[in-house]
Every structure is written in C-alpha cells, then in structure tokens.
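A.B. asks: Sequence unavailable; structure follows:
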Ligand SMILES: C[S@@+](CC[C@H](N)C(=O)[O-])C[C@H]1O[C@@H](n2cnc3c(N)ncnc32)[C@H](O)[C@@H]1O
C-alpha cells in the first residue's frame, strides 16, 4: 500500500490516533418546542421510555464532539458531509451586515477559535494532515455500513487529503471525485491559472451504500434533437434506442428475432413482452428498436463535473452573510443521492448550517456541529426560518453548561458585547475543557 507520512503521524512506531474524550452532552437550549411537546418528553423520560428524536446543533470543537458522539452513534450515521477549514484564517472569521448601515462587521477569531486554528495549522501542513487524519478516523467509526461521506476541499490540501481518505476508508470504497465549478475564475491572477473549482471526494463505508442516482432534466436542445418522433393517436414524443448489446460475448442473449440474429440487450422472453406492449419499432431492415417516451424520461445522469450550481452570490435569497457558505442546491444533490428520508446526516463543520437546513427540508434527521458561536447562532436562526421546522436542541459537550449558557445567551447582542467579557468567559471554557481529558 502507498502511504502518506508526515511529521507526527507515528510515535514509538505506532500511528498517533485521535484523542478519545467522551464528554456528556449538556443541553444549552431546546428550540421551537411547545409546552405540550416538552411535557411529553419529560413524561417519557421519567417513565424510562424512549423519547422522540431531536435534531442536534452542537457548539464545540469536533475534537471533543466526535468522540462524545461515539457511544450513542457509532455505526449509525447514514451520511456525512464535511467542508473543513483549510489554509486561511478566513475559516474562523465572518462578516455580517450591520442593520441600517452600508458597512460589514468583521468578527475576528475568538480564543477558542484561535486555539483550534493552532491545532489545525500550528505546524503548517504537517499539523493539518494529522488533524484531518484524526477527524476521518472518528467519522469512519460513526458511519453506518450503508453510509457515505462527502469531503469538500480544494487545491490547497485536496491531494494530500485524498491519500489519507484512501488509507482510512480504503481505496476500494472511493466512489467519485466531484468537481464543483463554483465561480467565474478571477481574471486578475498574474501567474498560473485562476482557480474556479472545488473538489468533493465521495467514499462509501461498503459496497452496500445508499445510491439514488442524481439525474438532470433534459435540455430543450436535447429534447428537440432526440425526441422528434410523435406517436399517432396519443401525440406522445419518443426516441428509438438501440437494442443490440454492446458486449458481443453474451451467448445466452444471442438469438434470432423476426429474422434478424444479433446479441440483444434483453432475453427472448422480455423481447416478446416488449413487442406485445407495443414498445418495439422495426427499422426498414427489420431490426428491433426500443420506443422510449419523453414523458417517462428521468433525465440524464449527472457526471462528476457539476457546473450547474452557482455559488451563493451577494443577492441570493439564501445568503446569510457567512463567508464560506455553500449553496443549498449543492447539499440537496448530495443528500438526495446518498440518503433516504429519516436517515441521519452529520456535518461537524456546519458553518452557516447549509447541510442541516437542507437535511431538515428533505426530511432527514441531522446533527450539526461547529466551534464558532456565530456559526451556531447563524445555523439556529436559519433553521428557525424554515416553515414547520421540527424542534431541535442546542448542546455543548462537557459539564459546564451553566457557563456556556451565559456565554451563548449573551451572543444575541454579540456586536455590542465587550471583548474582554467574552474573552474571559471563553478562556474559562477552554481551561475547563482542557482539564477534562479522559484517556481512550
Ligand atoms: C468552510 S466552513 C463551513 C461552511 C459550511 N459548509 C456552510 O455552508 O456554511 C468551516 C467551518 O468549520 C468550523 N471549524 C473549524 N475548526 C473546527 C473544529 N475544530 N471543530 C468544529 N468546527 C470547526 C469553522 O468555524 C467554520 O464554520
């Protein structure tokens, strides 16, 4: 096997794995729950029966959140989408518009975020690769046997990450590399070519993974050029498909049909059935062709190059002012392709909450996590703007919910809050967390 080695991957001849800290989750807030629903949950809880599932928005570093999810969710997550930070301080800052002003407010990284940034990039690429490797190990443990993971990256670290994903998930489980053509490239790049795409690697846990083939609607041009035949009587448009097998080495499919001997795509019985159903048209030479109706077409399958999804632009309705926000259409394609209704979707770098919002709209269950308070608040607000959003809980990993609650609740006025106050609160948080190491 080919293996990528970086400084810090091995210690005393053994691979350095993730720190396994399993902290209990504390509820910071239950959102959108009626008094009756709350009472029902309490009744169920006290009677020892299972309470209804609540989607979870978790405020914390993935380093603590992922191992804390393992006791309950190992092997249970159906789909993981991650859009991890890479290479720039932008990953930990955001801009937002100040009401009644033309200015943008730029939030600088908090202490917790700065610490995470040091974990990630403190020693440059070496530490990033270790950080990424440890994440993928825990994510694999969370993924169900039929699950898939989508890892969204770009030219900064994508090529290194691919080798790590091969190592953790297995080369055989690599499904696709999707190229998302995200923008019109900047034309002011002086050297080299302007970058215009991101890369999304798809891995499955096994060959049994859920796969609902994504299809694109047929273009008008294609419809006109291919579906030009009209069926007399019904007026239905149709095209004629080849029925001869591309593989001549199929002796069981070689037979004579209406005087023509070929290797066909279907068995003799199916050919007879299609003939009886009026689905076969014969050419002047008597060769059978399959009648495919336009109104039955599901479109054409998407390839690995996705050029039809624009980035979130400044005028987009879905825009929430989060610098790295991804378009909902992108997540919709991913979630529909690799999960079914009721499945559990996880994103441990949720940012503005795109994956959670789309999962909610598509009837999937979700767990979303982010380190940043602004990310959590943006996601919460975004979810609440969805019609009939199901109640969800905001959680924090650790036993310091009271402290966290104060800090969390004060962020509704985070633009005015004094920086010193915020810093001391968060410093205490970090101190508490770092004292709570539980060896794995
Ligand atoms: C590229 S953004 C994700 C954007 C998101 N896909 C969206 O559509 O809004 C990466 C996110 O990872 C978060 N992050 C960085 N390090 C983290 C960590 N160690 N644990 C949890 N979240 C982290 C950042 O706060 C940021 O919101």
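C.D. replies: Thanks, I have the structure now. Bear in mind that the values here come from a model prediction, so they are computed numbers and not experimental data. Numbering: from 1, shown residues only.
A.B. asks: From residue 282, how far out is whichever residue of the stretch 151-300 of the chain sits closest to the ligand?
C.D. replies: Closest approach between the stretch 151-300 of the chain and the ligand, counting by C-beta to the nearest ligand atom: residue 152, at 7.1 Å. The way it works is simple: take the backbone N, C-alpha and C, and place the C-beta from them, glycine included. Counting by C-beta to C-beta, to the nearest Å, the gap from residue 152 to residue 282 is 50 Å.
A.B. asks: Among those two, which residue is more densely surrounded?
C.D. replies: More crowded of residue 152 and residue 282, by other C-beta atoms under 10 Å: residue 152, with 22 against 14.
A.B. asks: Now do the domain split for the chain, please.
C.D. replies: Domains of the chain are assigned by automatic domain parsing as 20-214+302-435, 217-296.
A.B. asks: how about the helices in the stretch 51-200 of the chain?
C.D. replies: 62-73, 111-121, 125-142, 158-169 (DSSP state H, counting those that start in this stretch).
A.B. asks: Of those helices, which shows the lowest average pLDDT?
C.D. replies: Ranked by mean pLDDT, those bottom out at helix 111-121, with a mean of 70.
A.B. asks: thought residue 52 was touching residue 44?
C.D. replies: Yes: with contact defined as C-beta atoms under 8 Å, residue 52 and residue 44 form a contacting pair (7.4 Å).
A.B. asks: So for those two, which sits in the more crowded spot?
C.D. replies: residue 44 (13 against 10).
A.B. asks: thought that one was touching residue 54?
C.D. replies: No: using C-beta under 8 Å, residue 44 makes no contact with residue 54, being 11.8 Å away.
A.B. asks: residues in this structure within reach of the ligand, list them.
C.D. replies: Residues of the chain lying close to the ligand by C-beta under 6 Å from any ligand atom are 61-63, 83, 85, 91-92, 116, 322, 324-326, 348-349, 351-352, 354, 369-372, 375.
A.B. asks: Tell me, how many residues neighbour residue 298?
C.D. replies: The number of residues near residue 298, taken as other C-beta under 10 Å, comes to 10.
A.B. asks: Number the chain from 59, please
C.D. replies: Fine by me, first position is 59 from now on; the one you just mentioned is residue 356.
A.B. asks: Can you name the residues bridging to the closest residue to it other than its chain neighbours?
C.D. replies: Closest residue in space to residue 356, ignoring its immediate chain neighbours: residue 273 at 5.0 Å, by C-beta to C-beta, 6 or more residues apart in numbering. Per DSSP bridges, the residues bridged to residue 273 are residue 359.
A.B. asks: For residue 273, the count of nearby residues, please.
C.D. replies: 13.
A.B. asks: Verify the stated contact: it with residue 355.
C.D. replies: No: using C-beta under 8 Å, residue 273 makes no contact with residue 355, being 9.0 Å away.
A.B. asks: re the thing from before, just the domains of the chain: most buried one?
C.D. replies: Among those, domain 78-272+360-493 has the highest mean neighbour count (mean count of other C-beta atoms under 10 Å), at a mean of 17.
A.B. asks: Mean pLDDT per helix and strand in the chain: which one sits at the bottom?
C.D. replies: strand 152-155 (a mean of 45; mean pLDDT, DSSP states H and E).
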